[in-house]
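J.: based on what follows, work out the 3D shape:
(2 chains)
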There are 2 protein chains.
Amino acid sequence: MRRSERLVRLTRKLMNHPGEPLSLTEMADHLDAAKSSLSEDLAIIRSVMEADREGILRTQMGASGGVLFAVDVSDERSRSFAGKAIESLSRGDRILPGGYLFMSDVLSEPEVLRMAGKMFAKIFAATAPDVVLTVETKGIPLTVMTAQYLHRPFVVARRDSRVTEGSSVSINYVSGSDRRIQTMSLSKRSLPKGARVLIIDDFMKAGGTVKAMKGLMSEFDANVVGTGVFMETAEPGDKLVSNYISLLSLSQVNESDRRVAIEPGNYFTGYSREESVPDEGVAHN
Amino acid sequence: MRRSERLVRLTRKLMNHPGEPLSLTEMADHLDAAKSSLSEDLAIIRSVMEADREGILRTQMGASGGVLFAVDVSDERSRSFAGKAIESLSRGDRILPGGYLFMSDVLSEPEVLRMAGKMFAKIFAATAPDVVLTVETKGIPLTVMTAQYLHRPFVVARRDSRVTEGSSVSINYVSGSDRRIQTMSLSKRSLPKGARVLIIDDFMKAGGTVKAMKGLMSEFDANVVGTGVFMETAEPGDKLVSNYISLLSLSQVNESDRRVAIEPGNYFTGYSREESVPDEGVAHN
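T.: Take a look at the predicted model:
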């Protein structure tokens, strides 16, 4: 096989398997190449990926040597992404009765999901989550893409417990924004004890839903290692959760004069990461 | 830039943008390469992708020339995928009370979602859908991945109408399996008139849910161009919908002796594709 063909196959393999440790021996066998040739190929791919800030190749040499392609996103690309998303989401005709912002269409665009997933995967890779968690419904696509780039499974908490999930753990919580009592359930078999969990959701206002997900995780003896939301609201500034990363921040939705104001989130302006979650005293049943 | 570096960048670009028409002029500019060099590079990539049955490169030459990478999956890989999925899903401890099969964990594995998404994208690419439709909750991840590989947006019908979606169209339908009356809603602004719609769901028993999605689509004057489900049940053989593709077929769930029997679906054994959906007289409100 010529080097040009090997480079195409190797690049494809890495792009198809982000976040997954790949065996050098298997790849060398599959490509019918000497490990030394493979190393040279990977060096070329690495230099290109790192120059373009598209990914980092972590290699481990030796008998059980492997390579892992971790997605990267340059500041320039993430700022350009945020700019375009803000432009699209700020259109006045997105305002719905009650001051909600219609954003389902944007959160279904392939490129938006890909970029958001990559940004979350990049920023949370170091927290080494075992699993990604969200609650139905709108956070699921972001969760799917983040989990893809991290090569991790995900779990979806339900708003009620369904028979097709088997026995489950449920908690009740008060939604921060409308003060209603809500239920959140997760199948008992979804998570192993002590799992490291990354929480992803589409929208955060007061933080009641994320706080409830953290409470649910404490029921599973799981450790929440990070929280990422696509959009937070600037108000209330004092949220029920303190450590999270937002890609966008919604500062104004004015129904009367149809004005929407959105800024880049704390992904761009600095944030802190939590290490574990204390029991927050959420009521359970 | 050396050819080796161009090949890595081009392969990455195509893998990052499946189903999306890409401009040759923009790529040539971006890579600072002559179009003739680019054509040679693409010829190498095409021959590798087609030899491996990983994708088809459709190029359009001329002033507004472009290239589109359509994902492909070989029969060998899809059969191997089905075999592994069947093995994992046939474990007796997956049987839940009521004869349901727990499969949320399998449908959250990155590789399973990737393969299922590619298989659906491959088989439905020729139907040229404008949008992919599912109903919450478990079909969403499959829908996200299928839409990624087809480079299309998706819409998620809700089990109830939510305020954050604006005004919506709702239909009532009788679930085929448990005869309960259910509601399905979709925001009015989700779909343009005359949209070509691909329906994706995780599971189909009698077909009541898919039939309801088709009924909902007729309310939007949309054309259903295809239906894909991850798993169908062998019984009832006489379903409420007639044209669909299944990746797997569940023929037995025996609660007493903990036996599960799953076969490859009609994806592997032949199927027919529908061109449009007639009004099926679903009640609406």
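J.: residue ranges with poor pLDDT in the stretch 1-150 of chain A?
T.: Applying pLDDT under 70 to the stretch 1-150 of chain A picks out residues A:61-63.
J.: and it, which residues reach chain B?
T.: Residues of the stretch 1-150 of chain A found near chain B (CB under 8 Å from any CB of the partner chain) are A:3-5, A:7-9, A:11-12, A:15-16, A:19-20, A:44-45, A:47-49, A:52, A:54, A:96-98, A:100, A:102, A:104-105, A:108-110, A:113-114, A:136-137, A:140-141, A:144-145, A:147-148. Where C-beta positions appear, they are placed from N, C-alpha and C, glycine not excepted.
J.: make it 6 Å
T.: Contacts of the stretch 1-150 of chain A with chain B, taken as CB under 6 Å from any CB of the partner chain, map to A:4-5, A:7-8, A:11-12, A:15, A:44-45, A:48, A:96, A:98, A:100, A:102, A:108-110, A:136-137, A:140-141, A:144, A:148.
J.: among the residues you listed, which lie within helices?
T.: Using DSSP state H, the subset of the residues of the stretch 1-150 of chain A next to chain B located in helices is A:4-5, A:7-8, A:11-12, A:15, A:44-45, A:48, A:110, A:140-141, A:144, A:148.
J.: among those, which two are most distant?
T.: The largest separation in those, counting by CB to CB, is between A:4 and A:140 at 39.7 Å.
J.: quick one: the strands in chain A?
T.: Using DSSP state E, the strands of chain A run over A:22-23, A:55-60, A:66-71, A:95-96, A:100-101, A:131-135, A:154-157, A:168-174, A:181-187, A:196-204, A:223-233, A:245-254, A:259-264.
J.: CSV please, covering these and showing mean neighbour count.
T.: Formatted as CSV, these follow (neighbours: other CB atoms under 10 Å in any protein chain shown):
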stretch, mean neighbour count
strand A:22-23, 15
strand A:55-60, 16
strand A:66-71, 22
strand A:95-96, 19
strand A:100-101, 18
strand A:131-135, 26
strand A:154-157, 26
strand A:168-174, 18
strand A:181-187, 19
strand A:196-204, 25
strand A:223-233, 25
strand A:245-254, 20
strand A:259-264, 17
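J.: redo these as a markdown table? Include distance to residue B:199.
T.: What follows is the strands of chain A, written out as a markdown table (distance: least, CB to CB, whole Å):
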| stretch | distance to residue B:199 |
| --- | --- |
| strand A:22-23 | 35 |
| strand A:55-60 | 34 |
| strand A:66-71 | 31 |
| strand A:95-96 | 26 |
| strand A:100-101 | 27 |
| strand A:131-135 | 23 |
| strand A:154-157 | 20 |
| strand A:168-174 | 28 |
| strand A:181-187 | 26 |
| strand A:196-204 | 23 |
| strand A:223-233 | 26 |
| strand A:245-254 | 30 |
| strand A:259-264 | 33 |
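J.: if we can go back for a sec, among the residues of the stretch 1-150 of chain A next to chain B, name the buried ones.
T.: By neighbour count, with 16 or more other CB atoms under 10 Å in any protein chain shown, the residues of the stretch 1-150 of chain A next to chain B hold A:4-5, A:7-8, A:11-12, A:15, A:44-45, A:48, A:96, A:100, A:102, A:108-110, A:136-137, A:140-141, A:144, A:148 as buried.
J.: thinking again about what came up before, compare the strands of chain A and give me the one nearest residue B:190.
T.: strand A:95-96 (13.1 Å).
J.: what does that closest one contact?
T.: A:102, A:253, A:255, A:258, B:166 (CB atoms under 6 Å, 6 or more residues apart in numbering or on different chains).
J.: name the strands paired with it and say parallel or antiparallel.
T.: When pairing is defined by DSSP bridges, strand A:95-96 lines up against strand A:100-101 (antiparallel).
J.: for the partner strand, what is the distance to the chain centroid?
T.: 22 Å (CA atoms, centre = their mean, to the nearest Å).
J.: please apply the same query to stretch A:71-81.
T.: For stretch A:71-81, the distance to the chain centre is 15 Å (CA atoms, centre = their mean).
J.: what comes up buried for that stretch?
T.: By 16+ other CB under 10 Å, the buried positions in stretch A:71-81 come out as A:71-73, A:77-78, A:81.
J.: from these, which land in helices?
T.: Checking the buried residues of stretch A:71-81 against DSSP H, those in helices are A:77-78, A:81.
J.: would you turn the contacts of strand A:95-96 into CSV with distance to residue B:194?
T.: Formatted as CSV, those follow (distance: CB to CB, whole Å):
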residue, distance to residue B:194
A:102, 21
A:253, 32
A:255, 31
A:258, 28
B:166, 21
